[in-house]
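> one predicted model, sequence on top.
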Amino acid sequence: MLLSVPLRLCASALILATLLLGSTFAFDAELNRSPVDLVLGPNDAWLATVNQTSDTVSLVRTTDGKLLDEIAVGHHPVGIALSPSGTTLLVTGHYSGDVTLVEVTGEKLKKLGVIDVGYQPHGLALAPDGHTAYIACAASAEVAVLDLVQRAVVTRIEVGRWPRHLALSPDGSRLAVATSGDRGVTIVDCNQRKALYQEQFVGLNMGHLQVSKDGRYVWFPWMVYRNNPITAGNVRLGWVLASRIARVRLDGPARREAMSLDPQGKAIADVDGLALTSDESRLVVSASGTHELLVYRTNGLPLKDYGGTDHIDPELLNDADRFFRIELGGRPMGLRIGRDDRTAYVANYFDNSVQVVDLEARKIARTVPLGGPAEPSLARRGEAIFYDARRSLDQWYSCHTCHYEGGTSSVAMDTLNDGSPFTLKTVLPLYNLHETGPWTWHGWQTDLHAAMKKSLTDTMLGPQPTDDDAKALLAYLQSMESPPNPFRGSGGLLSGSAQRGKRVFESEKTACATCHSGPYFTDGKIHDVGLGSPRDRYKGYNTPSLRGVYQKVNLLHDGRADALRDVLTGPHAPENVAGSEKLTADDLNDLVEYLKTL
């Protein structure tokens, strides 16, 4: 039976009801936890994980790995942080738009309250005084500043698009924000509560950040796309998608310093978690797509502001003390390093566990199960395929690399899917895929089962999948929940401006609804609106669904538009397509507000 969204929500509700009714926590062993991050308590006596598919936090005693307690939090939780006092956890509910406060008392968890933040909160950081928290709001391109005494948002700071992970300097004066939508890192002055500068470097899917002890640098892993067609030769040269580690200055604008991570023939993909040992002699990174930990000696890392190699520096690769890999399996994500600088604690999504890794012995010392079924469902198997970079040629990238958590990317890419090179296309989200055929920008694909196989062989350049692989991948995509739209009011209500925009959208003046029709705002037909390239193999374009269009940072088939306003005033303006007249300024503003609510 497929693991559907309603089943996940019912299981989460069951946990919540049981927790509210009794003091003993409910442990549903058959529910996937899928931990994505964790924190270590004072003296490493305990750890707490944030579990994405069960909407819970688990409390674990580190000495013996005993699972002590579990508590329900917001929907689709992502980030977790511990107060300076070591007694309060903050957890972001990405889909529920909130931050849950949880008290750790002895060996129990107690919910203290929930703060509404909105706009898909992701990563978070707490100020040294323990009274202020910073929350990355991915949908609104802001950092929300929370007053934890008032338990309210006191201000918002514009930082750039798709802010996900962030880190605070030790003195609390600087905040680093990974803005993957702008492909860079934004540095915020916390005293003035404003963005100072943004260092852009075409970064994709930036992972966790950590600031150095002296407060001068922020370290993070990321991926890069090199604007070349996906061919075997380009992939092997590192000219398509590749992994990097970088650092950016916090004390003033400067070019990022970075290094390549990928060995030839056995690349690294979907780097995510990052942590430094207390003496900063070692840097540890989780590669979620290739199921491993990467361990580097920081002294002498080949960081460069310009230039560098497309593969890992040969001297680094050939020195087993300067760099080594530890196989973990599953999908290792957030991690923390213990006080002994030898033990790494890793949240492993598909393993439903915390892996305790001995960095000196270079092996897993213990696995702490958090709960999960003995056998994965068909959809869960498909999810594992989606996030598995070993399904690609020399394991350079996964489906997730381009379709971040099933969504889109911040760059247009050349997958050769349309049969012609150097005709880059924006990455279409995969939500509601089975309801929005035909598929691809040119609409030539009409068989989803065949599309699954083609993606794994032609785009991933991986081994031939089985029919069961294709069924599993399709089952996962069909079960995938799209993020709730944060621009709609309570109960899905529209603002006055958005209501006026809806009327503009449906009017003859724009004729938007002529093609963008039905529940997913697509007619499933091919139209030639004069935006094609002479190099295109196919004529015309498949009407894209407008569901979730607020999430996109590049629009139209080739990404030529940077924002919705650019679409409506540029070559795809209504009067240039099917509309009868040019939009007034008020109509334009209202129409943009409506489109953001779809």
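Received it, and whenever you're ready, just let me know what you need. Residues are numbered from 1 along each chain as shown.

> so which elements touch the strand or helix carrying residue 135?
Assigned by DSSP states H and E, residue 135 falls within strand 132-137. Applying 3 or more C-beta pairs under 8 Å, 6 or more residues apart in numbering; DSSP states H and E, one finds that strand 132-137 contacts strand 77-82, strand 121-126, strand 142-147, strand 163-168. Heads up, the C-betas are built off the backbone N, CA and C, glycines and all.

> low-scoring stretches of the protein, by residue?
Applying pLDDT under 70 to the chain flags the ranges 1-27.

> got the CA coordinates for the strand holding residue 135 in CSV?
Listed next in CSV are the C-alpha coordinates belonging to strand 132-137 (Å, rounded to 0.1, in the frame of the first residue of the first chain):
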residue,chain,number,x,y,z
THR,A,132,16.1,36.4,20.2
ALA,A,133,15.8,33.9,17.4
TYR,A,134,16.4,34.3,13.7
ILE,A,135,14.2,32.2,11.3
ALA,A,136,14.9,31.8,7.5
CYS,A,137,11.5,32.2,5.7
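
> among the helices and strands packed on strand 132-137, which is nearest residue 371?
strand 77-82 (15.5 Å; C-beta to C-beta).

> quick one: contacts of that closest one?
Strand 77-82 is contacted from outside by 36-41, 48-52, 55-57, 88-94, 100, 121-126, 133, 135-136, 334, using C-beta atoms under 8 Å, 6 or more residues apart in numbering.

> related to what we said a few turns ago, run through who's touching the strand holding residue 135.
Taking C-beta under 8 Å, 6+ apart as the rule, strand 132-137 contacts 79, 81, 90, 92, 99, 117-127, 143-148, 156, 159, 163-166, 168, 172, 175, 177, 188, 190.

> ditto for stretch 103-119
By C-beta under 8 Å, 6+ apart, stretch 103-119 touches 23, 25, 41, 46, 48, 57, 59, 61, 68-74, 86-89, 92, 97-102, 135, 137-140, 142, 144, 146, 151-153, 486.

> what does stretch 413-422 give?
So stretch 413-422 is contacted by 225, 227-231, 402, 423-427, 440-442, 444, 458-459, 535-538 (C-beta under 8 Å, 6+ apart).

> could you pick out the buried ones from those residues?
225, 228-231, 402, 423-427, 440-442, 459, 536, 538 (16 or more other C-beta atoms under 10 Å).

> of those residues, which belong to strands?
Taking DSSP state E as the definition of strands, the buried ones among the contacts of stretch 413-422 contribute residue 225.

> touching, residue 475 and residue 384? I think so.
No - with contact taken as C-beta atoms under 8 Å, residue 475 and residue 384 are classed as non-touching, separated by 11.7 Å.

> quick one, which of the two is more surrounded?
Higher neighbour count among residue 475 and residue 384: residue 475, with 21 against 18, using other C-beta atoms under 10 Å.

> tell me who's in contact with that one.
So residue 475 contacts 2, 377, 378, 379, 382 (C-beta under 8 Å, 6+ apart).

> show me where the stretch 151-300 of the chain has strands.
152-158, 163-168, 174-179, 184-189, 194-200, 203-204, 210-211, 217-225, 241-249, 257-260, 271-276, 282-287, 292-297 (DSSP state E, counting those that start in this stretch).

> oh, I was asking about the stretch 401-550 of the chain
So, for the stretch 401-550 of the chain - with DSSP E, counting those that start in this stretch - the strands run 526-527, 541-542.

> residue 264 is nearest to which of the ones you listed?
strand 541-542 (37.6 Å).
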